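Asks: turn this into a model:
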Amino acid sequence: MKKVFLTLLVAVLLVPVVFAQGGKAKSAADAPVVLVHDKSGSPHYQPFFEGMAEIIEARTGLKMEATAYPSTDVYMAQVRSSMVSKDAPGLLTWWSTYRMKDMVDSGVLADTTELWDKYKDEYPQGLREAFTFDGKLYGFPYSVEYWVIWYNKSVFKQYGLQEPKTWQEFTKLSEKLIANGVTPLLTTVEGRWPTFIIFEELVMGEDPELYKDLCEGRAKYSDPRVVKTFKLWGDMIRAGYFTEPGTDVWAAGARDFNQGKVAMAPFGTWYMDTLTSNGVAEENIGAFILPSQNPNAGKNVITEISPLLVSKNAANVDSALKIADYWMSAEGNEAFAKFVTFYPANQKSGTEFLPEIKKEIAATVVGENYQVSNRYWEATPTPICEVAVDQFAKFMINPDSLNEVIAELDRVADNYWKAN
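Replies: Residues are numbered from 1 along each chain as shown. Reported below is the predicted structural model:
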């Protein structure tokens, strides 16, 4: 009987080994690392993440599975609730700086300081600071992008227009487009977040230090210089510089751009993929950085950082950190950047794969010493931003609401900074 018991015990103990050898996960810790994202628009990132998963498995032996959410609002709500549970994803796309702060404060993110220190010579200090909270780092960037003005080359050629070097040249070409029945700029209040685009461009174009001070609570929205930019924005709205507030700036917007109904689109360098995936020929796409309306403001450009965060509560957090390690390397960062044709965040990664227009933008930013500022969505506290984008929408729909909008922005910002 004793011999039979020992035989059964050995058989039971060997079962997990047999499953592991068969390639089947025997526990949550051995399951593929789940990466969740909200990048299901145009372009759709799911194939990109699936391609990266194949590279990661080949280089590290670790498996990764990507899951897309249908909308950003649904994504943010569901991911936040899952982060405190054993069902937390291993990796998740998110936003940097203040958009990460609530996650950090909740204690649901894995510390990635060790990885940042490992690659300290491959990432600029400014990028590191966007992921630093109380001396520790969380998450890592998979790409960086610049915000530019995309334009239809055929439309510019038709009306004899050149890339503007000054604000006066920009307004002159815009007025010529309007006179010929072409809307200069593609904008929208749909989705809420795009409403900050023109606001940040104009405040930065007035004074980049004012922009930073406003975002970080050292200046008020009722500051005369901020009011001045709102009034300029209002004048542009009334003059017909922008598409209707309810415009779809994605598929329909790209088609209008392609058909010459709208000449320019103020978006990140990722928007090029939206244009090409909706029928716009790459050779018909140009780009320039919007000149500052205040000559004393210098040359400025907005940057957008795209992070991945690691869940502290994920069952396979160790595997997720190993994937993060590879992704942060020059090879890993370049591998994913090739899929999305974005700028790799790792400065030692190659960029030969980028379209010529993107190489030219980067060369301009570096070669002409542009001052780079973080995007408003991440640069100011989320509780302020979430109210601000709705107030910007209100202003875009009715620029005569300026006084009400400024009063509400001051109220929300004052309350936040008093408490923090």
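
Asks: mind checking how far stretch 157-175 is from the chain centre?
Replies: Stretch 157-175 sits 28 Å away from the centroid of its parent chain (CA atoms, centre = their mean, to the nearest Å).

Asks: which other residues reach stretch 51-59?
Replies: Residues outside stretch 51-59 that contact it (CB atoms under 8 Å, 6 or more residues apart in numbering): 35, 62-66, 323, 326-327, 331-332, 335-336, 339. Every residue, glycine included, has its C-beta placed from N, CA and C.

Asks: does residue 195 touch residue 387 like I think?
Replies: No. With contact defined as CB atoms under 8 Å, residue 195 does not reach residue 387; the gap is 11.5 Å.

Asks: about what we covered before: narrow the contacts of stretch 51-59 to those in helices?
Replies: With DSSP state H as the criterion, helices contain 323, 326, 327, 331, 332, 335, 336, 339 from among these.

Asks: buried among those residues? Make that a ChimeraX selection.
Replies: Of the ones in helices among the contacts of stretch 51-59, the buried ones go into a single ChimeraX selection, burial set by 16 or more other CB atoms under 10 Å:
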select :323,326,327,332,335,336,339
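
Asks: show me which of the ones in helices among the contacts of stretch 51-59 is closest to residue 101.
Replies: Nearest to residue 101 out of those is residue 327 (CB to CB; 22.5 Å).

Asks: got CSV for the contacts of stretch 51-59, with pLDDT and distance to residue 347 too?
Replies: Converted to CSV, those look like this (pLDDT from 0 to 100; distance: CB to CB, whole Å):
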residue, pLDDT, distance to residue 347
35, 98, 24
62, 98, 25
63, 98, 29
64, 98, 25
65, 98, 30
66, 98, 26
323, 98, 21
326, 98, 17
327, 98, 15
331, 98, 13
332, 98, 14
335, 98, 16
336, 98, 15
339, 95, 19
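
Asks: one step back: nearest to residue 164, of the ones in helices among the contacts of stretch 51-59?
Replies: Of the ones in helices among the contacts of stretch 51-59, the one sitting nearest to residue 164 (CB to CB) turns out to be residue 339, at 32.9 Å.

Asks: quick one: the closest one from residue 51, how far?
Replies: Distance, residue 339 to residue 51, by CB to CB, to the nearest Å: 5 Å.

Asks: likewise for residue 408?
Replies: 45 Å.

Asks: check residue 149 too.
Replies: As defined by CB to CB, residue 149 lies at a distance of 30 Å from residue 51.

Asks: which one of these two is surrounded by more residues?
Replies: Using other CB atoms under 10 Å, the more surrounded residue of residue 149 and residue 51 is residue 149, with 21 against 16.

Asks: I'd say the more buried one and residue 289 touch.
Replies: Yes. Proximity of residue 149 to residue 289 meets the contact threshold set by CB under 8 Å, at 7.2 Å.

Asks: what about residue 250, how many neighbours?
Replies: Here the number of neighbours of residue 250 (other CB under 10 Å) works out to 17.

Asks: contacting residues around the nearest residue to residue 158 once chain neighbours are set aside?
Replies: With CB to CB, 6 or more residues apart in numbering as the criterion, residue 158 has its nearest non-adjacent residue at 7.5 Å, and that residue is residue 260. Neighbouring residues of residue 260 by CB under 8 Å, 6+ apart: 152, 154, 155, 158, 182.

Asks: so who does the closest residue to residue 33 other than its chain neighbours touch?
Replies: Nearest-residue entry for residue 33: residue 90, 3.7 Å, with adjacent residues in sequence omitted and distances by CB to CB, 6+ apart. Contacts for residue 90 (CB under 8 Å, 6+ apart) come out as 33, 34, 35, 64, 310, 311, 314, 316, 317, 319, 320, 323.

Asks: residue 164 now?
Replies: Counted by CB under 8 Å, 6+ apart, residue 164 has contacts 170, 172, 173, 288, 291.

Asks: sticking with it, tell me its helix or strand.
Replies: Residue 164 belongs to no helix or strand when assigned by DSSP states H and E.

Asks: with adjacent residues omitted, what lies nearest to it?
Replies: In this structure, residue 164 finds its nearest non-sequential neighbour in residue 170, 4.0 Å apart by CB to CB, 6+ apart.

Asks: my read is that that neighbour contacts residue 289, right?
Replies: No. Counting by CB under 8 Å, residue 170 does not reach residue 289; the two are 10.7 Å apart.

Asks: need phi/psi at residue 371.
Replies: Main-chain dihedrals, residue 371, degrees, to the nearest 10: phi -80, psi 130.

Asks: typo on my end, residue 132
Replies: With angles defined as degrees, to the nearest 10, residue 132 sits at phi -100, psi 130.

Asks: and residue 406, how many neighbours does it have?
Replies: 19.

Asks: how far off helix 330-340 does the longest strand anywhere in the chain point, in degrees?
Replies: In the chain, with assignment by DSSP state E, the single longest strand is strand 140-152. Counting by axes from the mean of the first three to the mean of the last three CA atoms, to 10 degrees, strand 140-152 lies at 30 degrees to helix 330-340.
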